[in-house]
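Peer 1: Fold the following and give me the result.
(4 chains)
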There are 2 protein chains.
Amino acid sequence: MSKSDEREQRILDAAADLFIHYGYDKTTVDDIARKAGISKGAIYLYFKSKDELFKSLLIREMAAYSETWLALLEADPNGGTLGSMYKNSLYALEGSPFMSAMLRQDGRVLGSYLRKPDNFFRDTRNKAARYEFVKMMQDAGAVRRDMDPKVIAHIMNMLAYGLVGLGEVMDREDFPPTRDIIEGIAEIMDRALTPEDGGSSEAGKAVVRHILEAARRKLEDSTKSESDRE
Amino acid sequence: MSKSDEREQRILDAAADLFIHYGYDKTTVDDIARKAGISKGAIYLYFKSKDELFKSLLIREMAAYSETWLALLEADPNGGTLGSMYKNSLYALEGSPFMSAMLRQDGRVLGSYLRKPDNFFRDTRNKAARYEFVKMMQDAGAVRRDMDPKVIAHIMNMLAYGLVGLGEVMDREDFPPTRDIIEGIAEIMDRALTPEDGGSSEAGKAVVRHILEAARRKLEDSTKSESDRE
DNA sequence: AAATGACCAAAATAATTGATTTGGTCAAAT
DNA sequence: ATTTGACCAAATCAATTATTTTGGTCATTT
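Peer 2: Numbering: from 1, shown residues only, chains lettered A, B, ... in the order given. Reported below is the predicted structural model:
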């Protein structure tokens, strides 16, 4: 990694901390510069604007999320079932404050960026992602066929949303440990959705690799079109 | 029902409509009176304040929710499984805009009432309700014992929250029909949580009756202590 | 060539003032 | 005994102005 790239990452690290802690609106470019140990002007050597910086951060965080997910999956001995895949995606989600904030469209963290018309989130490309995933898992024989994949995907979305959002409306104190929740969800999903014959774990893994590969390509694309534009 | 009670209900009907449509803050007492076909002063013959009116409405809606749930349950041929109970509670929830707004702490509908320090929601009494329910179902042999009831209850809370809240952050257009979602959830819960031996449907029903009976008593209590206070 | 930070226009925030609305009351009407 | 609606203090909203902050630039320094 070049010296310059390294510093770019340092900027993003500083920004991530501040955005999570104080939110987009209340974090100034100066704050970021100071925390990164450089001058404000230097920020603009790397990013066209605060907006673009933020978008870069989102992309980086999404990529990190994917990588974490993949790593957990590769390390998981039975990483081929729907339950364990979903479980690992939830662990990755839980470990990424930004992805969590994005999913619940947290106004405090995302700030005025949310209101921007060309905002990242209404990008329709990722919308059907979970559905495609379940569908492929089903076609690969890793998920039972007698349930509508759209419904399964939607329930998975509900649970992910519940995971990152319920803390906003209920006392976190009386939550069970996150680990227990995620394991419980995985257990339920596996029990309810694994085909009678146990399903093909290898086929499942293949699907995941395929999906993550596609996700990586997509992220590279957006990073590229990013730099094209500037 | 006395003439007076009937009118009290008419007021609450009018208020419910307006609160759901315009929210607590933007609905005036005059609006309510006009819609109920009486004068503003008359409102204060039945309710001490706008706040109290709102609280009465919440209590009424909670009661209606319980009644709906119970009715659906009684009518459900296999109303003894955890899945069908939960399912019916979700149907009841879905049919009650107020309960939905309460669950997702909807700022638009609940308005400044949310910020009140003595607000209804931080009343701790109802907090552990779902857990108690699952625990009893487990003790009655209607739910398998090898999962922590706290975790099960929490996952149920997540799903309920997802049901009423996901629409705020995702396009409702690409939601499957609510009915399908709820049936899907029930199917998953049943498959994953029914004991090997199929469980006792009758014992399950007994638990539900018991719970609903307790809920009714509790509501009567709060209604009474309500009228005591005024 | 790389990095800085004083500088500026634009935007956000705060303070002020004036006008309107609204929850709640109560003397008068029914 | 009920019910009303004019009435009022308090709160909310709107318009205006003054003040501060902030994103972004660029002449100057390193």
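
Peer 1: Please work out which residue of chain A is closest to DNA strand C.
Peer 2: Taking Cβ to the nearest atom of the strand, DNA strand C has its nearest neighbour within chain A at residue A:41, 2.0 Å off. C-beta coordinates here come from the backbone N, C-alpha and C atoms, glycine included.

Peer 1: Please identify which helix or strand holds that residue.
Peer 2: Assigned by DSSP states H and E, residue A:41 falls within helix A:40-46.

Peer 1: anything in that helix near DNA strand D?
Peer 2: Yes - between helix A:40-46 and DNA strand D, judged by Cβ under 7 Å from any atom of the strand, the touching residues are A:40, A:41, A:44.

Peer 1: Nearest to chain B among those residues?
Peer 2: The closest of those to chain B turns out to be residue A:44 (Cβ to the nearest Cβ; 32.4 Å).

Peer 1: shouldn't residue A:180 be in contact with residue B:151?
Peer 2: Yes - applying Cβ atoms under 8 Å as the test, residue A:180 and residue B:151 come out as touching, 5.2 Å apart.

Peer 1: Who has more neighbours out of the two?
Peer 2: Neighbour comparison, residue A:180 and residue B:151: the larger count goes to residue B:151, with 22 against 15 (by other Cβ atoms under 10 Å in any protein chain shown).

Peer 1: picking that back up, give the buried residues for the helix holding residue A:41.
Peer 2: Buried residues in helix A:40-46, counted by 16 or more other Cβ atoms under 10 Å in any protein chain shown: A:43, A:46.

Peer 1: for stretch A:103-115, same thing?
Peer 2: A:103, A:104, A:106, A:109, A:110, A:111, A:113.

Peer 1: first vs last residue of that stretch, how far apart are they?
Peer 2: Stretch A:103-115 stretches 15 Å from its first residue to its last (Cα to Cα, to the nearest Å).

Peer 1: all helices for chain A, in order.
Peer 2: Assigned by DSSP state H, the helices in chain A fall at A:3-26, A:29-36, A:40-46, A:50-75, A:82-94, A:97-103, A:107-110, A:129-139, A:149-169, A:178-193, A:201-229.

Peer 1: and these, which one is worst for confidence?
Peer 2: The stretch with the lowest mean pLDDT among these is helix A:201-229, at a mean of 70.

Peer 1: For residue A:57, list the residues it contacts.
Peer 2: Residue A:57 makes contact with A:12, A:15, A:16, A:19, A:98, according to Cβ atoms under 8 Å, 6 or more residues apart in numbering or on different chains.

Peer 1: how close does it sit to residue A:37?
Peer 2: Residue A:57 is 18 Å from residue A:37, where distance means Cβ to Cβ, to the nearest Å.

Peer 1: Skipping adjacent residues, who's closest to residue A:97 in space?
Peer 2: The shortest distance from residue A:97 to any non-neighbouring residue, by Cβ to Cβ, 6 or more residues apart in numbering or on different chains, is to residue A:20 (4.9 Å).

Peer 1: The one you found touches residue A:111, doesn't it?
Peer 2: No - with contacts defined as Cβ under 8 Å, residue A:20 does not count as touching residue A:111, sitting 11.7 Å away.

Peer 1: Would you mind giving the domain segments of chain A?
Peer 2: Per the record, chain A has its domains at A:1-47, A:50-229, by automatic domain parsing.

Peer 1: Can you say which of the ones you listed is packed in most?
Peer 2: Across these, averaging neighbours per residue (mean count of other Cβ atoms under 10 Å in any protein chain shown) puts domain A:50-229 on top, at a mean of 17.

Peer 1: Could you restrict the buried residues of stretch A:103-115 to the ones contacting DNA strand D?
Peer 2: By Cβ under 7 Å from any atom of the strand, no member of the buried residues of stretch A:103-115 lies near DNA strand D.

Peer 1: Farthest-apart pair in those residues, please.
Peer 2: Largest separation among those by Cβ to Cβ: A:103 and A:111, giving 16.1 Å.

Peer 1: Show me what the helix holding residue A:41 is packed against.
Peer 2: Under the contact criterion of 3 or more Cβ pairs under 8 Å, 6 or more residues apart in numbering or on different chains; DSSP states H and E, helix A:40-46 touches helix A:3-26, helix A:29-36.

Peer 1: got the angle for the longest one vs helix A:29-36?
Peer 2: So that's helix A:3-26. Put simply, helix A:3-26 runs at 130 degrees to helix A:29-36, going by axes from the mean of the first three to the mean of the last three Cα atoms, to 10 degrees.

Peer 1: gap between the closest residue to residue A:12 other than its chain neighbours and chain B?
Peer 2: When the adjacent residues along the chain are set aside, residue A:12 lies closest to residue A:57, with 5.3 Å between them (Cβ to Cβ, 6+ apart). Distance of residue A:57 to chain B, given as Cβ to the nearest Cβ, to the nearest Å: 20 Å.
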